[in-house]
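Q: Attaching a predicted model along with its sequence, questions to come.
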Amino acid sequence: MIRAVALCLCLASPLFAAERGVPAGDGLAAAIAGAKPGDVLILAPGLHRGPVAIDKPLTLDGQGKAQIDAGGHGSVVRVTGPDVVIRGLVLTGSGDSHQDIDSGVQMTREASRVLVEGNRIEGNLYGVDIHGAKDSIVRGNTIIGRQGHRMNQRGNGVYVWNAPGSVVEENDIRYGRDGIFTNTSRKNIFRNNLFRDLRFAVHYMYTNDSEVSGNVSIGNHLGYALMFSDRIKVTNNLSLRDRSHGVMLNYANNADVIGNLVRGGAEKCTFIYNAHKNLIAGNRFEGCDIGIHFTAGSERNAITGNAFIGNRNQVKYVGTRDVEWSLDGTGNFWSDNPAFDLNGDGVADSPYRPNDLMDHILWSQPAAALLTGAPAVQLIRWSQSSFPATLPGGVVDSFPQITATEIAVPPKIAGYEAEADPSWLKDDAHDDTTDPLAAH
């Protein structure tokens with residue numbers, strides 16, 4: 001009796017799984033239903049009719065030549081079981097329901113350890129929906145979203161909801177709404193992805209203890225929007241020619257924002273709104289209207305080792321208290337600081353203040369910009385530079401650096417940057433106006 005039970009268990013195990021070919025046409029759903037746990041279904045080149053659902057350990061492998069099309073109904077592949085692999089497929093034709101989150105691949109909370117790898121997921125409402133599925137991986141896919149409708153009415157490239165342990169890496173995500181939108185999750189890793197022609201490249205909401213690293217955002221409305229989240233590591237990302245902000249911290253606390261590059265005309269390289277106890281170090285903020293704008297009580301951050309290069313306003317801070325921007329004797333590099341370093345220690349010989357009284361007046365009373373070139377304004381600025389005691393509260397860098405932080409851009413990415421032609425540059429762009437503090 002014991003031997004018989006053991007034999008049955010062995011026969012039911014993936015040890016006896018097999019490779020099974022599936023011809024193109026209408027037979028994929030039946031092949032999935034008849035497969036044993038652990039089977040590998042090799043889809044023949046051509047079109048396979050969907051949508052399909054998988055509720056057991058199974059591999060779908062299109063070897064780069066097979067397409068599954070849902071015909072405009074539901075999600076192309078819906079996963080409700082563990083240990084599923086979806087590889088080498090073209091996935092198209094999802095439905096249009098935001099309520100049901102119609103996707104190229106949808107994982108429900110009953111799924112776990114799902115691998116979605118090396119697919120082309122194109123023209124679906126959402127690309128991949130990780131909806132409660134733990135420890136899943138989305139790797140090396142090309143995800144092309146929809147371009148119709150207004151941007152805010154499209155779906156996200158990858159949507160992560162309450163999916164601890166999810167890893168999204170090395171994907172090329174373009175069009176649609178947000179590249180990655182994560183909400184109410186934790187312990188996620190988003191790394192080495194390329195984002196183009198989107199609203200936000202990465203959009204964080206209530207996602208803690210997670211990582212955003214090595215990603216590239218080009219020509220989006222906003223690069224990295226990190227909101228209502230704690231203990232995030234934001235390292236070595238690029239934001240190139242993004243429209244409004246490169247990096248935004250909104251109610252984001254205890255984050256490490258290190259080694260990132262923002263350049264190319266954003267309104268604000270970085271915006272810090274009611275965010276505290278963050279380390280912002282070793283970044284390069286270049287060619288923006290404002291290098292860093294911080295407000296709403298965001299003074300309690302460590303800002304050190306950054307380079308502020310050629311921004312129209314290096315810092316915008318309207319406040320009456322002095323805020324020190326150096327840490328342990330290391331400040332930041334300022335391209336407009338005419339500094340001397342007579343002892344050659346790499347630190348300028350005098351502190352630096354990026355703003356003066358006239359800046360505060362111009363920010364609070366924009367009409368005063370008409371007087372910018374007036375002799376009285378120039379006299380006030382000269383007086384403050386000669387007599388620092390007359391300066392208002394604001395940012396003080398007591399140890400400004402002589403050498404700027406350098407962050408290299410790979411030649412291939414620089415080529416994408418040079419070729420970028422985002423829709424918001426065009427007069428007839430149909431995208432919604434994006435308010436990063438209100439629109440989620």
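A: Thanks, I have the structure now.
Q: ok, residues contacting stretch 340-347?
A: 329, 331, 348-350, 399-403 (Cβ atoms under 8 Å, 6 or more residues apart in numbering). Backbone N, C-alpha and C define where each C-beta goes, glycine included.
Q: Which pair in those has the greatest spatial separation?
A: Of all pairs drawn from the contacts of stretch 340-347, the greatest distance, 16.8 Å, lies between 350 and 403 (Cβ to Cβ).
Q: tell me the mean pLDDT for the lengthiest strand in the chain?
A: Identified as the longest strand of the chain according to DSSP state E is strand 58-69. What strand 58-69 shows for mean pLDDT is 98.
Q: Check which helices and strands that strand is in contact with.
A: strand 40-43, strand 46-49, strand 84-92 (3 or more Cβ pairs under 8 Å, 6 or more residues apart in numbering; DSSP states H and E).
Q: now, of these, which is deepest in the fold?
A: Highest mean neighbour count among those (mean count of other Cβ atoms under 10 Å): strand 84-92, with a mean of 23.
Q: what lines up beside that one in the sheet?
A: Taking DSSP bridges as the criterion, strand 84-92 pairs within the sheet with strand 58-69 (parallel), strand 115-117 (parallel), strand 120-122 (parallel).
Q: Contacts for it, please.
A: So strand 84-92 is contacted by 43, 54, 56-70, 76-77, 79, 104-105, 111, 114-124 (Cβ under 8 Å, 6+ apart).
Q: Off-centre distance for that strand?
A: In this view, strand 84-92 has its centroid 24 Å away from the chain centroid, taken as Cα atoms, centre = their mean, to the nearest Å.
Q: send the alpha carbons of that strand over as PDB?
A: C-alpha atoms of strand 84-92 as PDB (Å, rounded to 0.1, in the frame of the first residue of the first chain):
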ATOM      1  CA  VAL A  84       4.700  29.400 -14.100                       C
ATOM      2  CA  VAL A  85       7.200  30.400 -16.800                       C
ATOM      3  CA  ILE A  86       6.100  32.500 -19.800                       C
ATOM      4  CA  ARG A  87       9.000  32.900 -22.200                       C
ATOM      5  CA  GLY A  88       9.700  33.900 -25.800                       C
ATOM      6  CA  LEU A  89       6.200  34.900 -26.800                       C
ATOM      7  CA  VAL A  90       4.500  37.800 -28.500                       C
ATOM      8  CA  LEU A  91       1.500  38.700 -26.400                       C
ATOM      9  CA  THR A  92      -1.200  41.000 -27.900                       C
END
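Q: pLDDT of it, averaged?
A: 98.
Q: what element comes up after it heading to the C-terminus?
A: On the C-terminal side of strand 84-92, the nearest following helix or strand under DSSP states H and E is strand 103-107.
Q: quick one, that following strand and strand 58-69 angle?
A: In terms of direction (axes from the mean of the first three to the mean of the last three Cα atoms, to 10 degrees), strand 103-107 departs from strand 58-69 by 160 degrees.
Q: which other residues reach strand 103-107?
A: Contacts for strand 103-107 (Cβ under 8 Å, 6+ apart): 75-79, 86, 91-92, 94, 114, 116, 119, 121-122, 124-133, 136, 143, 155, 159, 163.
Q: per-residue confidence averaged over that strand?
A: For strand 103-107, the mean confidence score works out to 98.
Q: re the thing from before, is it possible to get JSON lines of the contacts of stretch 340-347 that adds pLDDT?
A: Output for the contacts of stretch 340-347, formatted as JSON lines (pLDDT from 0 to 100):
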{"residue": "329", "pLDDT": "94"}
{"residue": "331", "pLDDT": "96"}
{"residue": "348", "pLDDT": "91"}
{"residue": "349", "pLDDT": "90"}
{"residue": "350", "pLDDT": "90"}
{"residue": "399", "pLDDT": "96"}
{"residue": "400", "pLDDT": "95"}
{"residue": "401", "pLDDT": "96"}
{"residue": "402", "pLDDT": "94"}
{"residue": "403", "pLDDT": "94"}
